[in-house]
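> the sequence isn't on hand, but the structure is:
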């Protein structure tokens, strides 16, 4: 019985400061925000995966660097993507990863992952707005291509 009285209390606090956060209204806006989170020294060396979380007003709550991979791939844990979305009270999100090959063409795996995350997010009433594949100087948008 003594163990039950040692349970931790959970508190919730939410104090956003929207005045300093950028608004993302296009894939180019998203690209400019994401690019600042990818190191120019390693963007052509190894894959990285990041997620941008947004509020209802399309203001950026924050960007989470989810994973660093190898020269040919990066793992994305969908549970972690959604856990951060829920913790930040996000209503929308955008995905981004780089291709060290400098090709922005999505792979079959990229398309499948995007679909899986979109469906999982839908269960939580969170919109997946886009998935960008970026390189040092260009990007591909799933949304602009009509794939989201």
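Cool, the structure landed. Worth saying up front: this structure is predicted, and the values here are computed from it rather than measured.
> helix, strand or coil for the nearest residue to residue 110 once chain neighbours are set aside?
Once flanking residues are discounted, residue 110 sits nearest to residue 133: 6.7 Å by C-beta to C-beta, 6 or more residues apart in numbering. Any C-beta I mention is one placed from the backbone N, CA and C, and that applies to glycine too. Under DSSP: H, G, I helix; E, B strand; the rest coil, residue 133 falls in the strand class.
> isn't residue 133 up against residue 102?
No. The criterion here is C-beta atoms under 8 Å, and residue 133 misses it with residue 102 at 10.7 Å.
> just want to know which of the two has more residues nearby.
Just comparing residue 133 and residue 102: by other C-beta atoms under 10 Å the higher neighbour count belongs to residue 133, 21 against 12.
> and the top helix by length along the chain, how far out from the chain middle?
Assignment by DSSP state H gives helix 108-123 as the longest helix of the chain. Distance, stretch centre to chain centre, for helix 108-123: 12 Å (C-alpha atoms, centre = their mean, to the nearest Å).
> can you pull up the most central residue in this protein?
Central residue of the chain (C-alpha atoms, centre = their mean): residue 51, 1.4 Å from the mean position.
> hmm, that residue is touching residue 88, no?
No. Judged on C-beta under 8 Å, residue 51 makes no contact with residue 88 at a distance of 10.1 Å.
> in the one helix or strand in the chain whose mean pLDDT sits lowest, what counts as buried?
Within the chain, confidence by mean pLDDT, DSSP states H and E is lowest for strand 60-68 among all helices and strands, at a mean of 92. Within strand 60-68, the residues scored as buried using 16 or more other C-beta atoms under 10 Å are 60, 61, 63, 64, 66, 67.
> just stretch 119-129 next, same as before
By neighbour count, with 16+ other C-beta under 10 Å as the criterion, the buried positions of stretch 119-129 are 120, 121, 126, 127, 128, 129.
> distance from the chain centre to stretch 21-38, please.
11 Å.
> and it, end to end?
For stretch 21-38, the first and last residues are 19 Å from each other (C-alpha to C-alpha, to the nearest Å).
> what's the spacing between the closest residue to residue 59 other than its chain neighbours and residue 53?
Sequence neighbours aside, residue 21 is the residue nearest to residue 59 in space, at 4.5 Å (criterion: C-beta to C-beta, 6+ apart). Applying C-beta to C-beta, to the nearest Å, the value for residue 21 to residue 53 is 11 Å.
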